[in-house]
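Novice: need a structure here:
(2 chains)
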Amino acid sequence: MGLTIHELITILHGMVMGGIVLLLFPVVLAQLWCLRPEWITNKGLKKYLTVVKGGTWVISIFSWLTVIIGSYLPYSWYRLKPPISAQLMTGRDLMRYPAAYLIAHPNLSAWEEVAMEWKEHAGWIVPILTTAVAFILTYYNSRLLEEPKLRKILFTFLALAFVVAAMCGLLGALITKIAPVR
Amino acid sequence: MNTPESHFNNGTAVAALFGAGIGCLVLGLLTLLTKVSSTIENALDLYRPTGPVSGITTLAVIVWLVAWAAMHTFLRNRQMDLHKVYIIVLILVGLGLLACFPFFEAPEWGG
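Specialist: Residues are numbered from 1 along each chain as shown, chains lettered A, B, ... in the order given. Take a look at the predicted model:
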C-alpha cells in the first residue's frame, strides 16, 4: 500500500483508536444527558445504562491504548534526533525527523514547541477522567437516577474529556499533515 | 417512572472524582517542573526515545491510583456536598490542563 510500519502504527494510534474514542463520546454524552427519571421508562433504563456504562468503558480502554501507543511509538519516532546538525541537512532529509524539521523552520516551530508539547501531556487527562466516570457509572448504576447533581457532574467531566480529546486529535492531525512520521 | 429505593452515599463517587483531579494536577505540575528544572527533566526521562513524557505520565498515573485508593478508604462511607466537590475537582483538572502548556519551553531533543 506504500505505507511504512511507522505510518501504519501512527494511523492506528490517531485515526483508528483516537477515531473510535471521538466517535463514541457524543453517543455516550447524549445517552447520559437523557438519563433522567422523567424522560425514560423502567424498561428503557436498563438499555440506557448499558449503553452509557459500556460506552464509557470502551472510551476509557481505547483512550488508554491511544495515549500509551502514541507516547511510546509514534512520539518516539517523531522526536528522533538527526544524526547531524539540522542546519546542515536539506529539507527533504530533515523531513525524516519531524520535530527537528519543525524546530528548524521558525514559522513552523510553534507546532512542536506549543502544540505537540501540550498535546503529548494533556492527552493523558482523557483516560484518567473517563476511567473515573466509567467507574462511578458502574458503581452507582440505576441509583444515579436519584442524584441529578452527580449525573450533571459526570456529564461535565465527560464533556471536558471529549473537548481535550478532540483538541489533541485535531493538533495531532495538523502536525502529521505538516511533518508526518515516516 | 419509579426510581429504586436506596440510601445514596456519594463518598465513592467523590473519591473517584478527587483522585482524577489530583492525577490531572500532578500531570500538569510535573510537566511544568520538567520545563524549569533539568534535574527533574533528567530524573523523569525513564524511556529515552520518549523523553520525560514517560516519567511524567507514569508518575501521574501512580499518584492518581494511590490518591484514588486513599480517598476511597477515607470517604466511601461519607456523604459530601457535591457542588463543592465539583468546583474543587474542576479547578484541579483546569490547573492540570493549564500547566501542560509549555510556558517555559526550550526545544528538547531525544533519540
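
Novice: Same question for the helix or strand harbouring A:Val126: list its buried residues.
Specialist: Element membership of A:Val126 [criterion: DSSP states H and E] is helix A:125-140. Neighbour counts over helix A:125-140 (16 or more other CB atoms under 10 Å in any protein chain shown) mark A:125-137, A:140 as buried. Yep, even glycine has a C-beta here, placed from its N, CA and C like the rest.

Novice: same deal with stretch A:57-71?
Specialist: Buried, per 16+ other CB under 10 Å, within stretch A:57-71: A:57-71.

Novice: Out of those residues, which is nearest to A:Phe162?
Specialist: The shortest approach to A:Phe162 among the buried residues of stretch A:57-71 belongs to A:Ile59, at 8.8 Å (CB to CB).

Novice: pLDDT at that closest one, what is it?
Specialist: Predicted confidence (pLDDT) at A:Ile59: the value is 98.

Novice: helix/strand/coil for the residue nearest to the spatial centre of chain B?
Specialist: Taking CA atoms, centre = their mean as the criterion, B:Gly23 is the residue nearest the geometric centre of chain B, at 1.3 Å. Using DSSP: H, G, I helix; E, B strand; the rest coil, the structure places B:Gly23 in helix.

Novice: Find out how far the helix or strand following the helix holding A:Val126 is from the centre of the chain, if you would.
Specialist: Where DSSP H and E defines the elements, the next helix or strand beyond helix A:125-140 is helix A:148-178. Remark: helix A:148-178 is offset 7 Å from the chain centroid, using CA atoms, centre = their mean, to the nearest Å.

Novice: Show me what helix A:148-178 is packed up against.
Specialist: Applying 3 or more CB pairs under 8 Å, 6 or more residues apart in numbering or on different chains; DSSP states H and E, one finds that helix A:148-178 contacts helix A:18-34, helix A:42-72, helix A:98-104, helix A:117-122, helix A:125-140, helix B:11-36, helix B:82-99.

Novice: The fifth one - contacts with which helices or strands?
Specialist: The reference is to helix A:125-140. helix A:42-72, helix A:148-178, helix B:11-36, helix B:52-75, helix B:82-99.

Novice: Could you do the second one as well?
Specialist: Helices and strands in packing contact with helix A:42-72 are listed as helix A:18-34, helix A:125-140, helix A:148-178, helix B:52-75; criterion 3+ CB pairs under 8 Å, 6+ apart.
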